[in-house]
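**Student:** with the sequence up front, the predicted model follows.
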Amino acid sequence: MVPIIIFGLSALITLGAALAVVTNKNILHSAFYLVLAFAGVASLYVLLEAPFIAVVQVLIYIGAIAILIVFAIMLTRRIGSDDLIQRNAQWIWAAMGAAGLFLVLGWIVYSVNWPVVTQIVPEDTITILGQELLSTYVIPFEVASVLLLAALVGSIIIGRERE
Amino acid sequence: MTIPINWYLLVAAGLFSIGLYGVLSRRNAIGILMGIELMLNAVNINLIAFWRYLDPVRMTGQVFAIFVFTVAAAEVAVGLALVIAIYRNRDTIVIEEIDLLKE
Amino acid sequence: MADLINLIENWIKNLLLGWGASAGLTGFILQALGSVLVVMVCFAIVIVLIWVERKLAGRLQDRFGPNRAGPYGIFQSFADMIKIFTKEYVTPAGAEKGLYNIAPVLAMASVLAIWAVFPFAVNVIGADIHVGVLYIVAVGAFGILAILMAGWSSNNKYALLGASRSVAMLISYEIPMVIALLVPVLLSHSMKLSVIVEAQEPWFIFVAPLAALIFSISSMAEIGKAPFDLLEAESELVAGYHTEYSGMKFGMFYVAEFLHQFTVGALITIFFLGGWTGPMAVRWPILGVIYFYGKSLFIYLVISWIRLSLPRIRIDEMLDLNWRFLIPVSFVNLVAVAIADRVMMEFTLARWIYVLVMFGMNMFILWAALAIAEKNDQAVEREEFPPRPVAVPPGVDSK
Amino acid sequence: MQIIIFFLPQLVLLLSMVLVFGIDLVGSNEKKWLPYLALAGSVISLAISLYLFGWVEVTEQTVLGGMIAIDSFALFFQIFAALVAGIIILLSMEYMDERSSSKGEYYSFILLASFSISLLSVSADLIMIFIAFELLSISSYILTGFLRNDGKGSEAAIKYFLYGSIASAMMLYGMSLLYGTTASTNLGQIAQNLSGIDSSLRWVVYPALVLLMVGFGYKTVAVPFHQWSPDAYEGAPTPVTAFLAVGSIGGGFAILIRVMLTGLPDFQVDWVALISALSILSMTLGNLVAISQKNIKRMLAYSGIAQAGYILIGLVSWGGWQAGNVFDGLSGILIYLLVYLVANLGAFAVVIAVENKIGSNQISDYAGLIKRSPLLAGTMVVFLLSLIGIPGTGGFVGKLMVFGAAMNMEYYFLAVIAIINSVIAGFYYLNVIRYMFFQPLDEPAREKIQLTRSLSSVIVLTCAFTLLMGIFAQPFIQFVQASLGIVAN
């Protein structure tokens, strides 16, 4: 019973906060709701017995991405003020499209009989994860490091002040 | 009683659709970026749920999720640098006002 | 009698079970009791620490420090507490109420949450999770967020400036801190704090002194106290991000700051000073708790000593120190330790040789890094500006 | 060992990227020879991959945990990537000298983007595909916004970035669904697990397919995922536009073909329907909108959309490998990509030469080009004719192969629509020719256009190859068919 309550709460927080992110008039409030949504997702990961992913979610999404976003909002301050309309003209179509997508996707994933297996999660997932990352997935791992370097250099080039 | 996988997938589908709505309805570049982050989170919920219920012994789903994290961080860094650059050039980050490129 | 803590725990457990509570409920109640206990101890320590610190500061600066309330001014903290409880809450006009009120709570919570995973003794561990180290780093993110919230919601330029300054600093110093933390993880082959503590034979400060040094320096920056207290440089920014806070809300930031310093002491204890280990600590777990808090307090006092003696550094010096010294050195150190550990694993060496080699290598890296830094420092040509008069009286030629 | 040898062309690209980047950092003086170092890297990579072409056996083999596929299909794209890298570097030299001070980074990003194209073509696992895809995207965003003081460039980059991130998020969702249905991310394994799938799970594959197509459609600029391309093409630095128009599309087709053919062969009926719809839309919309364009970069963007539509026909009309079948869809795609590469990059070389001189991309400013530079005007005619598909140029061979494949598979409606579209396309290409030759020239702008050595060598080479592929097509077709052994099996 307890997991279901926790699941329900996390799902509610996640989806509620996500709705607030996309509808709030103040973009900075959206950013803080985004943090809440990320935290909700992290608790879903804990329920799914993936504590490592949960902690990484907090570390990267809240500790890095959300803070970067808040910073960017502060640097482009004029946009943050409340009097600007944050919604574009075709929002109603967007809402209908998103709702339609949810109905289709939700109906499909909910009605499908997934071939669930009953294996249990190994005790120490992190060790296995590390070994897999450096054996099977070593090439993507290395490419990811190149990607991070490229992003780092690129954002410095682009974000640097004019000379 | 364990939670059926479908519930997680439903939450993910909801999050994905909400994110898509944000992407389509926001005028602000950073607002759009936030929508994209929500969509990526939905993807990760999917991946971890599939990992947990379909393939918990191998780590494929978790590895995939970790790469999604990595790429999301890189993408946000580049994206926000672009936002700052356009703000310096044009004093706005409202997508509709960024309209030099029209014939 | 040997295991006082578990004795009490078992007593409560049996009592609850005897009353007819289910096993799950009993576990929950015990956990709740444990966390309340940890938090209470934290608060109690902070109250004492404030007094200790003020007394210490007084002595170091040739003053008396608090000396009116009670013997040696021992009740000064309580007097302050009462004062702060009764003060009025001021909310500035135009403040974002919700964020403004959440921020201090979040700041407090982010520090307290770190304590959830600490191993206090051989069998007294909050939550012994596999990702303890990552958890500690991740939870710190909420503290940064709290600062941003406080700075933004205050509707005050100084607060906002202070907040963005401190966040920039905190984020950049997190890099060497995390890299340095990877060294104990690497040496103990685990991110579980209990395993890290038990793997320390001898303490990691002897095996990886450089990592300990880097971790200490960057954690001092993380708590934002002198010499890294640019975020509340009074002359420039009033009080930084909590300029507008008053009463208990300010008190929470204040307590969070003190607690954070003590937490850093505890972290250094766990990662480099062997945590609860010490003579007889396995047989008498209560001794382990005492060792743990004792070591943490010692580190706390050392940090206070450092920050009371050093002046504040300039912002460019601070960034230079991080990006051009700590980060490269920490990366070199991590790689060197990893390679050395792996190589020495191939030969079955006596433990003391291993420690000696590691220690020597660390010292060599430190020496080399300092030498390079000094050489670079001399190579930089300092721009000399002619002295400028602060004010020129009217009618006088400035030359 | 075989793995390392197979990776050599990519390693050379990556290594030269690191070299260029590192050397640029050391010391403060400007290094004029940096582009040549980058060029040398791509030429060596090209040489190695051409040499390897006869060396690698055509076997279906995945290595390194199933991440990497070793086959000559991938080798074809390694050649493609090295070729693109080399030509773009040559195109950039004069252009970037005038506009940017951080040249070391620029050339390393060009090399990195080309590296990611070849990486994309060897990927055989969803994780690998995703990471290579993002590497290509992120380096493209950075290249597009590289001239950060240029308002148009930043605007192009941010639009490209937003569309790209949305597309990749949707593609990822599709990938996660695919992982969910098969519990695997390996393409071969996915195909195996999908073949015996129960009908309820089949339902999940359809949205997965559509969402995957969003990502691939965005990379291959297929309508309706094309919106970013005109803006990005117009605003980006012109050599980068050339890269986006050729390199990035090539990478997109490489991965599209591999995913569809090795990962989802059981759903061929479904993706054929989907892709043929995209193809028809792309051809029609691209050509119709291109007619009204006044900026040549924008016109080339829309023409690129239309060309992508033609190329997609090749994938639609792939019906398995039959001996003696000349008109095979896949070899059509590859030959079309080669033809498109030389013709389009040649056209962009001319655009860059003109832009360097007069600083404008308006088609009306091409008036009287024949008087200002006969070489430019003459070669541009060849490139444009090739893009139309006039016999005697490479474009004709490409179109013949692709449309022929469609006829072979009895997709007559596709072939007919494509041919009608080719005729429409003639209008706007010929319009440029009309301006160049028959429009009177304003008096003050009679100045001759001088070409640098790098630009003129690109123009002459691409022009020669365009004609060569049109007249002696046989060796090229054989080359392409040789590289198709594995995918076609």
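**Tutor:** Nice, I can see it.
**Student:** helices and strands of chain D: which one bottoms out on pLDDT?
**Tutor:** For chain D, scoring each helix and strand by mean pLDDT, DSSP states H and E identifies helix D:485-488 as the least confident one, at a mean of 50.
**Student:** who touches residue 48 in this structure?
**Tutor:** No chain was given, so I picked chain A. Contact analysis of residue A:48 by CB atoms under 8 Å, 6 or more residues apart in numbering or on different chains lists B:8, B:48-49, B:51-52. C-beta here means a position set from N, CA and C on the backbone, and glycine is covered the same way.
**Student:** if you could check chain C rather than the one you did, that'd help
**Tutor:** Contacts of residue C:48 (CB under 8 Å, 6+ apart): residue C:77.
**Student:** any idea how far it is from residue C:59?
**Tutor:** When distance is defined by CB to CB, to the nearest Å, residue C:48 is 16 Å away from residue C:59.
**Student:** with residue D:434 instead?
**Tutor:** In terms of CB to CB, residue D:434 sits 92 Å off from residue C:59.
**Student:** likewise for residue D:115?
**Tutor:** For residue D:115 relative to residue C:59 (CB to CB), the value is 63 Å.
**Student:** these two: which is more packed in?
**Tutor:** residue D:115 (32 against 12; other CB atoms under 10 Å in any protein chain shown).
**Student:** doesn't residue D:13 make contact with that one?
**Tutor:** Yes. At 4.3 Å, residue D:115 and residue D:13 qualify as touching, with contact defined as CB atoms under 8 Å.
**Student:** low-confidence ranges in chain B?
**Tutor:** B:1, B:101-103 (pLDDT under 70).
**Student:** now for the helix or strand bottoming out on mean pLDDT in chain A, which elements pack on it?
**Tutor:** Using mean pLDDT, DSSP H and E, the weakest-scoring helix or strand in chain A turns out to be helix A:67-75, at a mean of 86. Packing partners of helix A:67-75 (3 or more CB pairs under 8 Å, 6 or more residues apart in numbering or on different chains; DSSP states H and E): helix A:27-47, helix B:29-54, helix B:60-90, helix C:132-153, helix C:157-188.
**Student:** pLDDT wise, what is residue D:489 at?
**Tutor:** Confidence at residue D:489, expressed as pLDDT, is 41.
**Student:** next: residue C:389.
**Tutor:** Looking at residue C:389, the pLDDT reads 65.
**Student:** ok, residue D:468 next?
**Tutor:** Per the predicted model, pLDDT is 91 at residue D:468.
**Student:** then residue C:40?
**Tutor:** 88.
**Student:** for it, the count of nearby residues, please.
**Tutor:** By other CB under 10 Å, neighbour count at residue C:40 equals 10.
**Student:** residue contacts, the closest residue to residue C:101 other than its chain neighbours?
**Tutor:** Excluding the flanking residues, the one nearest residue C:101 by CB to CB, 6 or more residues apart in numbering or on different chains is residue C:249, at 7.3 Å. The contact partners of residue C:249, by CB under 8 Å, 6+ apart, come to C:89, C:101, C:104.
**Student:** again, but for residue D:3
**Tutor:** Contacts of residue D:3 by CB under 8 Å, 6+ apart are D:63-64, D:68, D:70.
**Student:** out of these, who's nearest residue C:176?
**Tutor:** Using CB to CB, residue D:64 comes nearest to residue C:176 of these, at 33.3 Å.
**Student:** tell me who's in contact with the closest one.
**Tutor:** A:136, A:138-139, D:3 are the contacts of residue D:64 under CB under 8 Å, 6+ apart.
**Student:** so which of the helices and strands packed on helix A:67-75 is nearest residue D:457?
**Tutor:** helix B:60-90 (33.5 Å).
**Student:** what about the closest one, near chain C?
**Tutor:** No. Using CB under 8 Å from any CB of the partner chain, helix B:60-90 stays clear of chain C, coming no nearer than 12.4 Å.
**Student:** report all helices and strands that that helix contacts.
**Tutor:** Partner elements for helix B:60-90 (3+ CB pairs under 8 Å, 6+ apart): helix A:51-56, helix A:67-75, helix A:125-133, helix A:138-159, helix B:29-54, helix D:126-144, helix D:151-182.
**Student:** okay, buried residues for the helix or strand following the second one please.
**Tutor:** The reference is to helix A:67-75. Remark: after helix A:67-75, the chain's next helix or strand is helix A:91-111, criterion DSSP states H and E. Judged by neighbour count using 16 or more other CB atoms under 10 Å in any protein chain shown, the buried positions of helix A:91-111 are A:91, A:94-95, A:97-98, A:101-102, A:105-106, A:108-109.
**Student:** and those residues as TSV, adding pLDDT and distance to residue D:9?
**Tutor:** What follows is these, written out as TSV (pLDDT from 0 to 100; distance: CB to CB, whole Å):
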residue	pLDDT	distance to residue D:9
A:91	84	48
A:94	89	44
A:95	91	49
A:97	91	43
A:98	92	44
A:101	92	41
A:102	93	45
A:105	91	41
A:106	91	45
A:108	91	42
A:109	88	42
